[in-house]
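1. Need a 3D model of the following:
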Amino acid sequence: MSKTIEDLRAALFATLEGVKSGALDIERARAVNEVAKTIVDTARVEVQFFDVVGGKNAKSPFLLPGQAGGDATAKAPAPAPLGSAPLSIVAQQQRSGT
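-> Numbers count the residues shown, from 1 in each chain. Predicted structure coming up:
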């Protein structure tokens, strides 16, 4: 099982579809939601950590998949369409004011 922000987003949409179709009860959906909130909170802390340490060369396999063991000087991918950007890209855009 891969563990990236994209995987989390896919799981949340699958949960939503399960609730809509009746295949998943509300209590399980709430449990998934609570776990997802915790995961997002940890990602938020990771972004804050990158800000403190000067995140230009920071790596995050969760926020920017494919960086684990990769080149520390590799540039982040171009911004995704509005509403689909990983948390790290959104944070970078907020820091740069774009």
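
2. switch to C-alpha atoms for all contacts and neighbour counts from now on
-> Will do.

3. Show me which helix runs longest in this protein.
-> If you go by DSSP state H, the chain has its longest helix at helix 26-53.

4. Could you name the helices and strands sitting against that helix?
-> helix 5-21, helix 87-96 (3 or more C-alpha pairs under 8 Å, 6 or more residues apart in numbering; DSSP states H and E).

5. Check whether residue 62 really touches residue 5, as I assumed.
-> Yes: with contact defined as C-alpha atoms under 8 Å, residue 62 and residue 5 form a contacting pair (5.8 Å).

6. got the angle between the longest helix of the chain and helix 5-21?
-> Put simply, helix 26-53 runs at 160 degrees to helix 5-21, going by axes from the mean of the first three to the mean of the last three C-alpha atoms, to 10 degrees.

7. who touches both of residue 62 and residue 5?
-> Residues touching both residue 62 and residue 5 (C-alpha atoms under 8 Å, 6 or more residues apart in numbering): none.

8. Can I get stretch 12-22 in PDB? Just the C-alpha atoms.
-> Output of stretch 12-22 as PDB, limited to C-alpha atoms (Å, rounded to 0.1, in the frame of the first residue of the first chain):
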ATOM      1  CA  LEU A  12     -11.400   9.700   0.900                       C
ATOM      2  CA  PHE A  13     -13.200   9.800  -2.400                       C
ATOM      3  CA  ALA A  14     -13.700   6.100  -2.300                       C
ATOM      4  CA  THR A  15     -15.200   6.500   1.100                       C
ATOM      5  CA  LEU A  16     -17.600   9.200  -0.200                       C
ATOM      6  CA  GLU A  17     -18.700   6.900  -3.000                       C
ATOM      7  CA  GLY A  18     -19.200   4.100  -0.600                       C
ATOM      8  CA  VAL A  19     -21.500   6.200   1.600                       C
ATOM      9  CA  LYS A  20     -23.400   7.500  -1.500                       C
ATOM     10  CA  SER A  21     -23.900   3.900  -2.800                       C
ATOM     11  CA  GLY A  22     -24.800   2.500   0.600                       C
END
